[in-house]
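Peer 1: got a predicted structure here, sequence first:
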Amino acid sequence: MYLGTYGFYTVGKEAVLSYDTGVQIWGLFLKGRMPHFELFMDYCENCLKKPKNMRKDVWKLVYEFATTVKNIDDVKENDGWPVFLD
């Protein structure tokens, strides 16, 4: 269901999701399912240089990150997560 919402909310020829909309949808889908949700959202709101749009690859990788990483302290610098999550 999560992955399908990207196409539902995209706009324009380029089919990109606005960053603000994406963050709101993360709150619906990931809160309570992502052990480090509050830390991740704080990063997205306060530490990240906010992009205008969210590409589909970022959308997919955030879900993979949310469902794979159970303890944020286990994430290593060389784990291969996209720059967006660094």
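Peer 2: Looks like it arrived, so ask away.
Peer 1: distance of the residue most central in space within the chain relative to residue 44?
Peer 2: By Cα atoms, centre = their mean, the mean C-alpha position of the chain lies nearest to residue 62, the distance being 3.7 Å. Distance of residue 62 to residue 44, computed by Cβ to Cβ, to the nearest Å: 9 Å. C-beta here means a position set from N, CA and C on the backbone, and glycine is covered the same way.
Peer 1: residue contacts, the nearest residue to residue 51 once chain neighbours are set aside?
Peer 2: Distances taken as Cβ to Cβ, 6 or more residues apart in numbering place residue 19 nearest to residue 51, at 5.2 Å, with adjacent residues excluded. With contacts defined as Cβ atoms under 8 Å, 6 or more residues apart in numbering, the neighbours of residue 19 are 50-54.
Peer 1: which one of those has the most neighbours?
Peer 2: Within these, most neighbours by other Cβ atoms under 10 Å means residue 54, with 24 neighbours.
Peer 1: contacting residues for that residue?
Peer 2: Residue 54 neighbours (Cβ under 8 Å, 6+ apart): 16-19, 22.
Peer 1: quick check: neighbours shared by residue 62 and residue 44?
Peer 2: With Cβ under 8 Å, 6+ apart, residue 62 and residue 44 have common neighbours residue 26.
Peer 1: please enumerate the strands of this protein.
Peer 2: For the chain, the strands defined by DSSP state E occupy 17-18, 53-54.
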